[in-house]
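# quick one, structure for this:
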Amino acid sequence: MQAVPSEFLAIDRKERANKPFCDLDLRPAKDRTHDFEDVVIEFDPERAMREAARCVHCPDPAPCMLACPTHNDIQSAMWLIEQGKFIEAAHLYHQTSSLPEICGRVCPHEQLCQGSCVHNKDHEPVLCGELEAFTVDFERRSQGYLIPAGPPTGRRVALVGAGPASLGCADILIQKGHNVTIFESRPVPGGLLVYGIPNFKLSKCVWFEKWEEYERAGVKLVPNTYIGKDKTIDQLFAEGFEAVFIGVGSEVDAKMEDTPGTDLPGVYQATDFLIRGNVSAKLLPEDMKQPLVIGKRVVVIGGGDTASDCLRTALRLGADEVTCLYRRTVKEMPGGLKDRQMAHEEGAKYRFLTQPVKFIAGEDGHLAAVECIEMVLGEPDAKGRRRPVPVPDSNFSVACDTAILALGYWPDPILGKTTPELETHDWGLISVTNKETGATSRPGVFSGGDCVTGPDIVVTAMVAGRKSGIAIDEYLSSK
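A predicted model of the protein is given here:
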């Protein structure tokens, strides 16, 4: 941990807490809905130093550090940023995070570091997420960053999936000197960083600049290779890999299987819609190259972050009226408040306590309306959220020509079916014998991220990958 000089900490904490707060600068909603460019206007050095100076430097362990899944040394980074030592601050983030420029942009900071900031009692929290992204961007533009590769060991490790979990694992393995090859089913690496998160939240340029760091460190990519279909994990071992990490995420869209009309033209799954709406044609898988066509009236069904992404994407694609249909109330919505507020600013509407029960075709056979039923909230379910209960004879219709189903995600069961001795549960989630290492029932196979936990956030997947990277190194050393 970075040592903060005692004379610096002697500054009055109350004075620091009362320094003026200035929220993130956002491009005007009327402008940003016409393109897919960044919504947040990045800090300049002076603004970054002023914001970092609001940190009161809580006694160790600071609440923000404890709330961060990576346990970034945030208060030391704030001290360095305040002094204008941006590159030194970036070095701190690299010590604990494999994707600081990504997490600084897409983490739900209001639920993690910023949500735990002591300023929340009487003031606004320090914007430590934006400061994390600023420092690493500054470093990259000033001098670049090289993953510190360790002395070569000659040991080969295969990583399945090129998303956040595998990236965290690869970062550690490269630093330990191992040979890393990532197998990815799509044309380019990144997982949901490319094929899930829209450009207005995470620019593809930021990601591909990050990927160049992995390439320079020696990470190899084998694209368009679906492990479980094109090749099995057994074959990877037969090819000389001594350990395998599975980081394939949980990217199979949940369906409304018992709801009539979901196969109508104009009804999209969220993944298909977001990929074809946000990714350039040259990066698309062959089965997604057909242009996306949406109408002027769009409904999005669901209440998570994916639903917010779909609402905002539909507005940018030219829809005149975009409405979110959610069967509970705003209090029960699982998605982040920040994204929901931006969607509302950009023109999205919300209709709560509404459950679609049928998708209705027009005379041309294309989607024309969604039949819905009103809901009320009943007793809490197993997770503590009140159950939505249908109101008898309350059916009504919502006119639309495009509907997007953003209902959550399931794991892909194929690896469990094609890998002997690999235990799975709950429709394909991979069972781990040790949550701290990601070790599975199959010797030499480790796993982490959403394919183990179910859908979660980028940072938790990345941290799981880093832990498995350490465990794989220990496993290889013991062989």
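# name the residues that touch the strand ranked longest in the chain?
When the chain is parsed with DSSP state E, its longest strand is strand 367-380. Residues from elsewhere that reach strand 367-380 (C-beta atoms under 8 Å, 6 or more residues apart in numbering): 261, 264-267, 299, 325, 327-329, 332, 353-362, 386-391, 394-403. (Glycine included, C-beta is placed from N, CA and C.)
# do the same with stretch 27-41
The contact list for stretch 27-41 (C-beta under 8 Å, 6+ apart) reads 24-26, 105, 130, 198-201, 203, 278, 312, 315-316, 342, 345-347.
# ends of stretch 119-129, how far apart?
End-to-end distance for stretch 119-129: 15 Å, by C-alpha to C-alpha, to the nearest Å.
# in it, what's buried?
By neighbour count on 16 or more other C-beta atoms under 10 Å, the buried set for stretch 119-129 is H119, H123, P125, V126, L127, C128, G129.
# what's the closest non-adjacent residue to the third one?
Spelled out, it's P125. In space, and not counting its chain neighbours, P125 is closest to C117: 3.6 Å by C-beta to C-beta, 6 or more residues apart in numbering.
# kindly report the same for the second one.
The spatial neighbour of H123 that comes closest, neighbours along the chain excluded (C-beta to C-beta, 6+ apart), is A17 at 5.8 Å.
# ok, back up a step: the helix or strand that the longest strand of the chain is followed by pairs with which strands, parallel or anti?
Using DSSP states H and E, the helix or strand that directly follows strand 367-380 along the chain is strand 386-390. Using DSSP bridges, the strands paired with strand 386-390 are strand 367-380 (antiparallel).
# and the strand it pairs with, what's buried?
By 16+ other C-beta under 10 Å, the buried positions in strand 367-380 come out as L367, A368, A369, V370, E371, C372, I373, E374, M375, L377.
# redo those as a markdown table? Include pLDDT and distance to D31.
Output for the buried residues of strand 367-380, formatted as a markdown table (pLDDT from 0 to 100; distance: C-beta to C-beta, whole Å):
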| residue | pLDDT | distance to D31 |
| --- | --- | --- |
| L367 | 98 | 30 |
| A368 | 98 | 32 |
| A369 | 98 | 32 |
| V370 | 98 | 31 |
| E371 | 98 | 36 |
| C372 | 98 | 33 |
| I373 | 98 | 38 |
| E374 | 98 | 37 |
| M375 | 98 | 36 |
| L377 | 96 | 38 |
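# out of the residues you listed, which comes closest to Y93?
Using C-beta to C-beta, L377 is the member of these that lies nearest Y93, at 41.5 Å.
# how close does that closest one get to L337?
20 Å (C-beta to C-beta, to the nearest Å).
# ditto for G454
G454 is 22 Å from L337, by C-beta to C-beta.
# and what of S142?
Per C-beta to C-beta, S142 is found 34 Å from L337.
# how about V298?
Taking C-beta to C-beta as the measure, V298 falls 22 Å from L337.
# quote the end-to-end distance of stretch 406-419.
End-to-end distance of stretch 406-419 (C-alpha to C-alpha): 30 Å.
# I misspoke; the intended subject was stretch 409-419.
Using C-alpha to C-alpha, first and last residues of stretch 409-419 are 22 Å apart.
# which parts of that stretch are buried?
For stretch 409-419, by 16+ other C-beta under 10 Å, it's Y409, W410, P411, D412, P413, I414, L415, G416, T418, T419.
# list the contacts for the third one?
I take that to be P411. For P411, the contacting residues are S250, V252, T424, D426, W427, G428, L429, I430, D450, C451, G454, by C-beta under 8 Å, 6+ apart.
# let's see that with 10 Å instead.
P411 sits next to 248-252, 424-430, 450-455 when contact means C-beta atoms under 10 Å, 6 or more residues apart in numbering.
# how many neighbouring residues does C400 have?
26 (other C-beta atoms under 10 Å).
# contact partners for it?
Contact analysis of C400 by C-beta under 10 Å, 6+ apart lists 266-267, 295-300, 319, 321-323, 325, 359-360, 367-370.
# in ChimeraX, how would I select the buried members of the residues you listed?
The ChimeraX command for the buried members of the contacts of C400 (criterion: 16+ other C-beta under 10 Å) is given here:
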select :266,267,295,297,298,299,300,319,321,322,323,325,359,360,367,368,369,370
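# for A399, grab the count of nearby residues.
A399: 13 surrounding residues under other C-beta under 10 Å.
# likewise T424?
Residues near T424, counting by other C-beta under 10 Å: 20.
# and it, how far from E42?
When T424 is compared with E42 (using C-beta to C-beta), they lie 42 Å apart.
# now do T271
Applying C-beta to C-beta, the value for T271 to E42 is 29 Å.
# nearest spatial neighbour of A281, skipping sequence neighbours?
Leaving aside its sequence neighbours, A281 sits nearest to K289 (C-beta to C-beta, 6+ apart; 6.1 Å).
# show me what contacts that neighbour?
Applying C-beta under 10 Å, 6+ apart, the residues contacting K289 are R276, A281, K282.
# for the record, mean pLDDT for stretch 427-443?
Rounded to a whole number, the mean pLDDT of stretch 427-443 is 97.
# buried residues in it, which are they?
Residues G428, L429, I430, V432, T437, G438, A439, T440, R442 are the ones in stretch 427-443 that count as buried (16+ other C-beta under 10 Å).
# nearest residue to the first one in space, please, no chain neighbours.
On the basis of C-beta to C-beta, 6+ apart, the spatially nearest residue to G428 that is not a chain neighbour turns out to be P413, at 3.2 Å.
# for the one you found, give me phi and psi.
With angles defined as degrees, to the nearest 10, P413 sits at phi -80, psi 0.
# that one contacts W427, correct?
Yes - shown here, P413 and W427 form a contact pair, counting by C-beta atoms under 10 Å, at 6.3 Å.
# overlap in contacts, the two.
Counting by C-beta under 10 Å, 6+ apart, the common neighbours of P413 and W427 are V252.
# list just the nearest of the buried residues of stretch 427-443 to E46.
Proximity of the buried residues of stretch 427-443 to E46 (C-beta to C-beta) peaks at G438, which lies at 42.6 Å.
# could I get the contacting residues of that closest one?
So G438 contacts 165, 169, 245-247, 430, 432, 445-449, 452, 464-472 (C-beta under 10 Å, 6+ apart).
# kind regards, and thank you for your time.
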